[in-house]
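Peer 1: okay, sequence plus prediction incoming.
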Amino acid sequence: MSESVLIEEEHGILRITIDRQARLNAIDLATMDELGELVVDAQRRPEVRVVVLTGAGKAFCTGADLAAAAAAGGNEASPERVMDSANALIRAIVDSPLPVIARVNGPAAGVGASIALAADLVYAADSAYLLLPFTSIGLMPDGGATAMVAAAMGRARAAELALLGARLPAPEAAAAGLITRSLPGEELDAEVDAVAAKLAIGPRRALELTKAALNAATLTELDAALAREKTGQSELLVSADFLEGMTAMLTRRPPRFAGAPTPIADPA
């Protein structure tokens with residue numbers, strides 16, 4: 001077990017906590033692999049009845065750790081390897097016969113938003129938000145987000161989030177049907193604990209078949225979306241626009257993408 005992930009098991013509930021607080025729980029490849037393995041392993045253990053995913057500290061997960069990738073220089077994994085890991089984690093959550101709850105205690109951005117949305121039940125503090133900032137650094141949404149967001153909110157709202165990188169506060173996400181519920185931060189733990197406890201004593205096979213039926217009816221495009229995202233993101237991860245977007249982000253300046261016109265000056 002790495003220092004980046006904490007696990008706690010009690011009364012049939014397995015809590016998996018991303019603990020990279022110095023990076024606002026942005027995850028590197030090793031952490032993403034580990035999360036997927038833990039979710040898969042949970043279903044093989046009869047004593048585990050429900051999984052809770054969350055983040056330590058102020059954030060749920062703020063996406064891929066681009067700073068760590070930049071520091072790796074030429075030693076980072078291939079784009080295909082990164083996408084395979086992300087897709088495996090999402091598939092592990094969706095395909096698990098166990099109910100998976102996301103406890104969104106703070107920002108869920110990038111693949112962090114995808115991880116949260118892959119869960120069966122998503123409870124978020126009202127101060128939390130979802131963010132798909134991919135296009136701002138020359139990438140496209142991944143982790144199945146192109147299917148899951150559109151399935152829940154419709155094409156128009158999904159386009160706003162994905163193309164413009166608009167921040168979606170948790171109360172608005174709940175109102176739009178993207179997450180289960182938004183509630184005051186001080187009530188989050190009690191709500192998640194109560195829901196997890198109810199599921200833990202429920203009929204395992206009935207819950208499994210119900211989850212599978214719901215996913216079959218609503219996530220019919222997930223496999224195709226994951227494949228499209230892998231192809232597209234693998235191309236974009238080696239593009240000049242991504243290099244510029246990442247450099248701009250790390251140096252805290254606006255990106256200058258190839259061929260883009262000079263921004264119109266603010267009249268004020």
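Peer 2: Here it is on my side, so go on.

Peer 1: going by C-alpha atoms from here, please, whenever you check contacts or count neighbours.
Peer 2: Will do.

Peer 1: any weak-confidence spans in this protein?
Peer 2: By pLDDT under 70, the low-scoring segments of the chain are 1, 69-75, 265-268.

Peer 1: can you pull out the strands in it?
Peer 2: 5-10, 13-18, 50-55, 100-104, 108-109, 121-125, 129-131, 168-169, 181-183 (DSSP state E).

Peer 1: would you state the helices of the stretch 51-200 of the chain in chain order?
Peer 2: Assigned by DSSP state H, counting those that start in this stretch, the stretch 51-200 of the chain shows helices spanning 66-71, 79-95, 111-118, 145-153, 155-164, 170-175, 185-200.

Peer 1: and the fourth one, what does it pack against?
Peer 2: Counting contacts by 3 or more Cα pairs under 8 Å, 6 or more residues apart in numbering; DSSP states H and E, helix 145-153 is packed against helix 111-118, helix 155-164, helix 222-236.

Peer 1: likewise the fifth one?
Peer 2: Where contact means 3+ Cα pairs under 8 Å, 6+ apart, helix 155-164 is packed against helix 145-153.

Peer 1: CA-only coordinates of the helix it packs on in PDB, if you can.
Peer 2: Provided in PDB are the C-alpha atoms of helix 145-153 (Å, rounded to 0.1, in the frame of the first residue of the first chain):
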ATOM      1  CA  ALA A 145     -16.800  12.100 -18.900                       C
ATOM      2  CA  THR A 146     -18.000  12.700 -22.500                       C
ATOM      3  CA  ALA A 147     -20.600   9.900 -22.000                       C
ATOM      4  CA  MET A 148     -21.500  10.300 -18.300                       C
ATOM      5  CA  VAL A 149     -22.000  14.000 -18.200                       C
ATOM      6  CA  ALA A 150     -24.100  14.000 -21.400                       C
ATOM      7  CA  ALA A 151     -26.200  11.100 -20.200                       C
ATOM      8  CA  ALA A 152     -27.100  12.900 -17.000                       C
ATOM      9  CA  MET A 153     -27.400  16.500 -18.100                       C
END
